[in-house]
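In: Sequence and predicted structure below; questions after.
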Amino acid sequence: MRQAGGTVYLYSYENPRHAAHTDDLSYIMGVHSFEQDPNEKLLAVIYPKFFIDFIKTGKPRKDWTPLQEEIDNYMFIDVNVYNKTMPHMADHYESDVVSYWKKMQEFDYLLTRQEEKVNRFMIHIFEASFIKLDKNSMILLQAPELREMAVPDRAPGDSVAEDSVGFLFISLPVIVVILSVLIIGYLVRRRQLRRASAVEIDEKTPLFSSI
């Protein structure tokens, strides 16, 4: 919304006793009511006024500045009459979380690029293997048509060796997947057997023992 040119007022409800989702509706709509301590009684007066002033004037409070890029300023909403904490402006809203997701965007981009490189490499290996397995001709995949180019005859021994290498490149990913599935299945089955054994031991253990 901010990037589209809108004015955004960001706040964070920081009351430690009632910071659960929708707990603040007690101050606005009277739902989810609870016994209030001195801090919450004062907060019940201040908090609704933010929304009332925003509806009337378009600004929740005079010192509440709109959200700014890179600063991520917001209204820290809490009241503590004992240490004189009141709602106030603060910067860098959830900076650790925001930084994490920004890095994840870059990570996702780099990961996708690497995946594309691996895919292109595997396609290249497959095409090269396919060409080597053909003894009489070499097929070039050129859109929108397929062309054949004659290649020199090879010695029988060379043909078998190159065919074996090509087959290995094709079958290696399949072998890796099969082995991975077998290993994961074995580990899951082993864990299930351990849990079943632990439950059986618990059932056999008496709740009370006599001395």
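Out: Noted; the coordinates are in hand.

In: now the protein, which segments are flagged as low pLDDT?
Out: Where the chain drops to pLDDT under 70, the residues are 2, 124-170, 198-211.

In: okay, now residue 39: neighbour count?
Out: The number of residues packed around residue 39, counting by other CB atoms under 10 Å, is 17. From N, CA and C alone the C-beta is placed, and that goes for glycine too.

In: contacting residues for the closest residue to it other than its chain neighbours?
Out: Of all residues not flanking residue 39 in the chain, residue 79 sits nearest, at 4.8 Å (CB to CB, 6 or more residues apart in numbering). Listed by CB atoms under 8 Å, 6 or more residues apart in numbering, the contact set of residue 79 reads 15, 39-40, 42-43, 46, 85-87.

In: Mind checking which of those land in helices?
Out: Among the contacts of residue 79, the ones falling in helices (DSSP state H) are 39-40, 42-43, 46.

In: and residue 13, backbone torsions?
Out: With angles defined as degrees, to the nearest 10, residue 13 sits at phi -80, psi 110.

In: is it true that it touches residue 77?
Out: Yes: look at residue 13 against residue 77 with CB atoms under 8 Å: they come within range, at 5.1 Å.

In: about what we covered before: what's the closest of the ones in helices among the contacts of residue 79 to residue 99?
Out: Residue 99 lies nearest to residue 43 out of those, by CB to CB, at 30.0 Å.

In: Hmm, residue 15 and that closest one touching each other?
Out: Yes: contact criterion CB under 8 Å: residue 43 and residue 15 qualify, at 6.5 Å.

In: shared neighbours of these two, anything?
Out: Between them, residue 43 and residue 15 share the contacting residues 77-79, judged by CB under 8 Å, 6+ apart.

In: Reformat the residues you listed as TSV; add distance to residue 30 and secondary structure.
Out: Shown next, in TSV, are these (distance: CB to CB, whole Å; DSSP: H, G, I helix; E, B strand; the rest coil):
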residue	distance to residue 30	secondary structure
77	18	strand
78	21	coil
79	19	coil
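
In: can you pull out the helices in this structure?
Out: 25-28, 38-57, 95-133, 156-204.

In: From the contact counts, what lies against the first one?
Out: This means helix 25-28. Counting contacts by 3 or more CB pairs under 8 Å, 6 or more residues apart in numbering; DSSP states H and E, helix 25-28 packs against helix 38-57.

In: list the buried ones in the helix it packs on?
Out: Using 16 or more other CB atoms under 10 Å as the test for burial, helix 38-57 gives 39-40, 43, 47, 50.

In: Sweet, I'm off.
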